[in-house]
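Participant: Provided below are the primary sequence and the corresponding predicted coordinates.
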Number of protein chains: 2
Amino acid sequence: MEKKGSQTAPVAKSDREFVLAASARLFRNQGFDRTTVKEIAEACGMLPGSLHYRYPSKESLLVDLMRLALEQASRSVSIAIAGVSDPVEQLRRGVCAHLNLLVGGSDMVYVLLFEWRSLCGQSRQEMIDLRDRYEALWATMLKSLATQGVIRGDVDLNLLRLIGLGALNWVATWFHEGGRYSVEDIGNFVWHLIRVAVVSDSGQFK
Amino acid sequence: MEKKGSQTAPVAKSDREFVLAASARLFRNQGFDRTTVKEIAEACGMLPGSLHYRYPSKESLLVDLMRLALEQASRSVSIAIAGVSDPVEQLRRGVCAHLNLLVGGSDMVYVLLFEWRSLCGQSRQEMIDLRDRYEALWATMLKSLATQGVIRGDVDLNLLRLIGLGALNWVATWFHEGGRYSVEDIGNFVWHLIRVAVVSDSGQFK
DNA sequence: GTCTATACTCTGATAGAC
DNA sequence: GTCTATCAGAGTATAGAC
């Protein structure tokens, strides 16, 4: 950790991500408060003292986790919609990307969205700001669709974003891998719902 | 508490509801884990020892709170849709009733929906069952609408319920009294969204 | 960087007087 | 039924050896 200048530390980065991924898994399953630093350290194959070397407090770990989660989310959505010319298809991919972030691989985005209440004061505000920045991605996307005339002019874009993301976020509370619906099923359903309701030239439900 | 048979105890019931309402407010604002029994007792104008007379443990209080929340929710939705002949209007009222439960007066439904992760084992399962029973109300309502031909036959009612309630539930995470949108604004928006997308003879967005 | 050991705080729950 | 007083346990954070 002392040498920062000479080496771009890929090892340290992986290390950080490993610790945060293990933490995220625990936070998601048990909640931040019911997870002890001992458990976190255990999951990382170390002891509480070692963990403290990286993060001075449990809260600071959560903050760093959420920062990484936002980076992941922003990157995933950006990649998902990049290079897609059809704006409606862009929306569909964005929806699926968000769902995958929540119920797929990483638990960090889940923690970012559901565990911000565990923070107080300054940290809390910073995390709310991070959430807002992620949502701003969506605001931009929707604005663009409206400007192009894809979304009808009588639709409140702000409410659409809030309600749409809310519908997606809640999926994380009931989704089970291998359950009745796949991520694609759900993503397409929500996309159809939105498309039929707000897209100018939408046809029938399916 | 000894006499149960001779008197139907309205006083005891109010007392219970007072304690649970105060607890719900705290749980909503701080989370279950970050709320101490001392704080709860304080909010009720008593001391921890007295609270223990009513509930042997903090968890048992939460369980009782959630039971009451479910009763409230079921009652509210039932009342809201009772005597409404138009099925589409029935849906609109149901949506608004659910929203009001979440962001209006009582905090208990919020706690029921967001704090079930604080429970473990048997209690947790009981609460999940309670949640399911509330959702069953909605399943019945949607089924009825579909049977009457109001909702198109190609719509998955189960997914519609999950996604719709999810969209509504998430509102509780960002809604502010006196903010940009009123409960009615949001309720109508969601209702429009659903109506246009799934109701057979829906017209335009507004 | 990781370990051992521990200090200090807070909390949920209890016992028993009134 | 409510109070005072307290216990036992858990948890975060720290100190310091290696």
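Facilitator: Looks like it arrived, so ask away. Everything quoted here is computed from the prediction, not taken from an experiment. Numbers count the residues shown, from 1 in each chain, chains lettered A, B, ... in the order given.
Participant: point to the helix or strand of chain A where mean pLDDT is at its lowest.
Facilitator: Lowest by mean pLDDT, DSSP states H and E among the helices and strands of chain A is helix A:10-30, with a mean of 87.
Participant: would the next helix or strand after that one count as contacting DNA strand D?
Facilitator: Using DSSP states H and E, the helix or strand that follows helix A:10-30 towards the C-terminus is helix A:37-43. Yes: judged by CB under 7 Å from any atom of the strand, helix A:37-43 and DNA strand D are in contact via A:Val37, A:Lys38. C-betas here are computed from N, CA, C, even on glycine.
Participant: rewinding a little: what about the least confident helix or strand of chain A, distance to the chain center?
Facilitator: On the basis of CA atoms, centre = their mean, to the nearest Å, helix A:10-30 sits 15 Å off its chain's mean C-alpha point.
Participant: same check on stretch A:145-155?
Facilitator: That offset, for stretch A:145-155, works out to 26 Å (CA atoms, centre = their mean).
Participant: returning to what we had before: who touches the least confident helix or strand of chain A?
Facilitator: Contacts of helix A:10-30 with the rest of the structure, by CB atoms under 8 Å, 6 or more residues apart in numbering or on different chains, involve A:1, A:35, A:39-40, A:43-44, A:51, A:54, A:61-62, A:64-65, A:68-69, A:106-108, A:110-111, A:114-115, B:117.
Participant: residues of chain A that sit close to chain B?
Facilitator: Contact residues, chain A versus chain B (CB under 8 Å from any CB of the partner chain): A:30-31, A:33-34, A:117-118, A:152, A:154-156, A:158-159, A:162-171, A:173-174, A:180-181, A:185-186, A:189-190, A:192-194, A:196-198, A:205-206.
Participant: which of these are buried? Put it as a ChimeraX command.
Facilitator: Per 16 or more other CB atoms under 10 Å in any protein chain shown, the buried members of the residues of chain A next to chain B correspond to this ChimeraX selection:
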select /A:31,33,117,118,152,155,159,162,163,164,165,166,167,168,169,170,171,173,181,186,189,190,192,193,194,196,197,198
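Participant: any idea how far A:Tyr110 is from A:Ile79?
Facilitator: 19 Å (CB to CB, to the nearest Å).
Participant: wait, A:Val171
Facilitator: Distance from A:Val171 to A:Tyr110, by CB to CB: 11 Å.
Participant: I'd like the average pLDDT over the helix or strand where A:Leu160 lies.
Facilitator: Here A:Leu160 sits within helix A:157-174, counting by DSSP H and E. Mean pLDDT, helix A:157-174: 97.
Participant: contact partners of the helix or strand where A:His192 lies?
Facilitator: Element membership for A:His192 (DSSP H and E) is helix A:183-198. By CB under 8 Å, 6+ apart, the list of residues contacting helix A:183-198 from outside reads A:88, A:91-92, A:95-96, A:99-100, A:103-104, A:151-152, A:155, A:160, A:164, A:167-168, A:171, A:175, A:202, A:204-206, B:156, B:159, B:163, B:192-194, B:196-198, B:205.
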